[in-house]
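Asks: just to be clear, the model below is a prediction. Sequence and coordinates:
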Amino acid sequence: MRNKVELLAPAGDLEKLKIAIIYGANAVYIGGKKFSLRARASNFTIENIREACAFAKEHGAKIYVTMNIIPHDEDLDGLEDYLLELEKAQVTGIIVSSLYIAKVAQIVAPKLECHLSTQASVTNSLAIKEYEKLGFTRVVLARETSLEQIKKIKEKVNAELEVFIHGGLCVSYSGRCMLSNHLTNRDANRGGCAHSCRWNYDLYDRDNKINPEGFYFNIGSKDLVGIRHLFSLLDIGVASLKIEGRMKSLYYIATVVRCYKQLIDKYYEYVDNSVDLKGIDLEYFYKEIGKAENRLMSIGFFDGAPTCNEQLYNIRSETPTKEFIGIVLDYDEKTNIATIEQRNYFELNDKVEFFGPTLENTETTITELYDENFTPIEVARHPLQILKIKVPFELKKYDMIRKI
Ligand code: SF4
């Protein structure tokens with residue numbers, strides 16, 4: 001039996017976590033209130049973590065908790081109690097970069113798997129062998145490793161390899177940068193990165209500004225999209241493919257997870273039936289990602305050192321090609337009425353596309369729109385308003401609607 005790859009998604013809160021799992025993630029990583037980077041992401045309380053683990057268990061998924069700060073002494077208060085709580089909640093593992101946190105975890109909460117965070121910037125097999133001796137069962141490789149290097153590393157190590165497949169890149173080996181600290185007093189290694197590398201900068205030669213008016217320099221990179229390299233990573237046998245973005249929206253998580261899940265399923269289906277993978281239309285998946293992605297896309301380090309094509313120049317973002325307008329709460333088969341929660345403005349006669357974990361993209365027009373009390377309305381302008389619409393095909397809870 002082949003070990004199938006794990007699709008690992010981010011979640012900033014319980015709702016996003018449930019969406020990630022429903023849309024196909026095998027595991028979700030979350031941050032607690034302490035010891036985690038992404039301090040500004042809506043981090044999970046212990047009660048939330050317990051609920052997350054129960055939901056994941058019900059759906060055959062795993063929960064990993066990030067504890068990947070580079071801690072100062074005062075950051076370590078309450079460490080043992082916290083680890084015990086995580087173990088009790090049945091968290092599968094923790095993602096750490098501090099050897100001290102890993103050591104304490106192995107002593108007080110030995111059921112927790114110890115995964116080495118990408119913050120440790122591991123790019124070679126010799127380092128992994130040392131981390132194996134320290135009890136790490138999985139290593140999240142630095143994003144600065146190419147496919148060729150990943151392949152060679154895999155041949156030499158026992159630890160599982162986790163590789164970033166999608167999401168933001170940091171141009172300083174994941175947080176080894178003082179830009180944010182210097183410009184905003186927010187520490188990138190304690191979860192406060194202000195992404196100062198993405199700001200617009202003027203370029204000066206002594207006192208002379210040399211960039212033309214209206215043209216700025218960014219130091220940051222475009223975001224990683226690993227669609228084209230996914231099959232090679234599966235051939236190599238990496239254990240886990242990680243999507244970045246604990247601060248991303250529910251719609252983004254659903255779209256990206258669904259896309260990679262479909263691609264992974266296709267890979268196994270084609271390989272098991274000896275069908276050439278070239279028959280898979282990758283362009284379709286790029287277009288799907290574009291429906292929710294608002295950053296420029298790149299291939300990161302997979303083909304080796306990035307070129308200027310991976311850098312941001314002047315343009316920082318794009319607009320997703322489709323706008324998320326609502327999520328399905330319920331569907332009545334007898335009346336064909338869907339109950340939805342509004343997320344963005346839409347109106348009667350808008351053309352929309354429904355999609356879901358098991359629902360193919362399906363277009364329709366909104367011909368009947370009601371408020372919660374079945375009073376006909378023409379526009380849906382209130383965020384989170386509960387609405388009823390007529391839809392001529394079956395929907396399930398958690399299916400989503402986007403405007404065409
Ligand atoms: S400012 Fe940019 S380069 Fe620096 S840590 Fe943050 S993401 Fe990385």
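Replies: Noted; the coordinates are in hand.
Asks: contacts and neighbour counts: CA atoms only from here.
Replies: OK.
Asks: residues in contact with the host helix or strand of residue 252?
Replies: Taking DSSP states H and E as the definition, one finds residue 252 inside helix 250-272. When contacts are defined by CA atoms under 8 Å, 6 or more residues apart in numbering, helix 250-272 is touched by residues 7, 9-10, 15-16, 19-20, 23-25, 227, 230-231, 243, 276-277, 280, 285, 288-289, 291-293, 324, 357, 400.
Asks: buried residues in it?
Replies: Residues 250-261, 263-264, 267-268, 270 are the ones in helix 250-272 that count as buried (16 or more other CA atoms under 10 Å).
Asks: swap in stretch 74-93?
Replies: 79-80, 82-87, 89-93.
Asks: got it, and stretch 15-28?
Replies: 16-28.
Asks: next secondary structure element downstream of the one helix or strand residue 224 maps to?
Replies: In this structure, residue 224 sits in strand 223-225 according to DSSP H and E. Downstream of strand 223-225, the first helix or strand assigned by DSSP H and E is helix 230-236.
Asks: the helix or strand that that next one is followed by pairs with which strands?
Replies: Using DSSP H and E, the helix or strand that follows helix 230-236 in sequence is strand 240-243. Applying DSSP bridges, strand 240-243 is found paired with strand 6-10 (parallel), strand 160-167 (parallel).
Asks: kindly reformat the ones you listed as JSON lines containing mean pLDDT.
Replies: Formatted as JSON lines, the strands paired with strand 240-243 follow (pLDDT from 0 to 100):
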{"stretch": "strand 6-10", "mean pLDDT": "98"}
{"stretch": "strand 160-167", "mean pLDDT": "97"}
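Asks: now the ones you listed in JSON lines, with mean neighbour count and distance to residue 110?
Replies: Output for those, formatted as JSON lines (neighbours: other CA atoms under 10 Å; distance: least, CA to CA, whole Å):
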{"stretch": "strand 6-10", "mean neighbour count": "25", "distance to residue 110": "22"}
{"stretch": "strand 160-167", "mean neighbour count": "22", "distance to residue 110": "18"}
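Asks: of all those strands, which lies closest to the ligand?
Replies: Closest to the ligand of the strands paired with strand 240-243, according to CA to the nearest ligand atom: strand 160-167, at 11.7 Å.
Asks: the closest one vs the ligand: in contact?
Replies: No - Strand 160-167 is not in contact with the ligand by CA under 6 Å from any ligand atom; minimum separation 11.7 Å.
Asks: pretty sure residue 103 is in a helix, no?
Replies: Yes - assignment of residue 103 by DSSP: H, G, I helix; E, B strand; the rest coil places it within a helix.
Asks: and stretch 356-374, how far apart are its ends?
Replies: One end of stretch 356-374 sits 25 Å from the other (CA to CA, to the nearest Å).
Asks: now find how far off-centre that stretch is within its chain.
Replies: Remark: stretch 356-374 is offset 27 Å from the chain centroid, using CA atoms, centre = their mean, to the nearest Å.
Asks: now do the top strand by length along the chain, average pLDDT.
Replies: The strand spanning the most residues in the chain, taking DSSP state E as the definition, is strand 323-332. Taken as a whole, strand 323-332 has an average pLDDT of 96.
Asks: now that strand against helix 250-272, angle please.
Replies: 80 degrees (axes from the mean of the first three to the mean of the last three CA atoms, to 10 degrees).
Asks: what are the contacting residues of the strand holding residue 224?
Replies: By CA under 8 Å, 6+ apart, strand 223-225 touches 165-169, 295-300.
Asks: return the helix or strand in this structure with minimum mean pLDDT.
Replies: None of the helices or strands of the chain scores lower by mean pLDDT, DSSP states H and E than strand 311-313, at a mean of 80.
Asks: partners of it in the sheet?
Replies: Taking DSSP bridges as the criterion, strand 311-313 forms sheet pairs with strand 217-221 (antiparallel).
Asks: list the buried residues of the partner strand.
Replies: 217-221.
Asks: highest neighbour count among the contacts of strand 223-225?
Replies: Neighbour counts for these (other CA atoms under 10 Å) peak at residue 300, which has 29 neighbours.
Asks: which residues does the nearest residue to it once chain neighbours are set aside form beta bridges with?
Replies: Excluding the flanking residues, the one nearest residue 300 by CA to CA, 6 or more residues apart in numbering is residue 224, at 5.3 Å. Beta-bridge pairing for residue 224 (DSSP bridges): residue 167, residue 298.
Asks: how about the contacts made by whatever residue of the stretch 201-350 of the chain ends up closest to the ligand?
Replies: The ligand sits closest to residue 220 of the stretch 201-350 of the chain, with a gap of 6.0 Å, by CA to the nearest ligand atom. The contact partners of residue 220, by CA under 8 Å, 6+ apart, come to 170-171, 197-198, 311-312.
Asks: likewise for residue 90?
Replies: So residue 90 contacts 50, 53 (CA under 8 Å, 6+ apart).
Asks: how near is residue 172 to residue 121?
Replies: In terms of CA to CA, residue 172 sits 10 Å off from residue 121.
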